[in-house]
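Trainee: Quick one: sequence plus predicted model below, questions after.
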Amino acid sequence: MSHEPHPAEEVLREANRRRLFRVAVAYPAGLFAVLELTHLLTRLHVLPSNAWRIVLGAAVLGFPLAMALTWDFDITRHGVVRTPEEPPPDPEPELPLWRWLTFVVGSVVIGVLLRSLR
């Protein structure tokens, strides 16, 4: 008897294959650092007082766009390529986890440092 996967399982498996969860975590982490920098620069009067709201609005509008682009495209050693509809039989090795962790931890550290400069 063959086990047919639940439709939600298929969607989650496809989202994982297209690396949607990585972007869903990395985007807010990067946004935190950018918002902290923007806040610091507005307090130092380098940017206008409404810059923080503009950056936040652009980021909120940009999140669905980033997710859509992540669904359609992959970043590989050969550059940005369209994600194949069917998974390749012999997939390329993924980027090491340490690179993603470095990005997320670095973003948080930069945000905390910028926050402490206030």
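Mentor: Received, thanks.
Trainee: pLDDT below threshold where in this structure?
Mentor: 1-3, 87-96, 118 (pLDDT under 70).
Trainee: Just checking, which helix or strand succeeds the longest helix anywhere in it along the chain?
Mentor: For the chain, the helix with the greatest residue count under DSSP state H is helix 20-43. Counting by DSSP states H and E, the element after helix 20-43 in chain order, helix or strand, is helix 51-72.
Trainee: secondary structure element for Asp74?
Mentor: strand 73-76.
Trainee: Name every sheet partner of that strand and say whether each one runs parallel or antiparallel.
Mentor: In the sheet, strand 73-76 lines up against strand 79-82 (antiparallel) (DSSP bridges).
Trainee: List the buried residues of the strand holding Asp74.
Mentor: Under the neighbour-count criterion of 16 or more other C-beta atoms under 10 Å, strand 73-76 has Asp74 buried. The C-beta positions use only the backbone N, C-alpha and C, and glycine is treated the same way.
Trainee: next one: that strand to chain centre, how far?
Mentor: 13 Å (C-alpha atoms, centre = their mean, to the nearest Å).
Trainee: Can you report how many residues lie near Ala58?
Mentor: 12 (other C-beta atoms under 10 Å).
Trainee: Number of residues surrounding Glu36?
Mentor: So Glu36, with other C-beta under 10 Å, has 22 neighbours.
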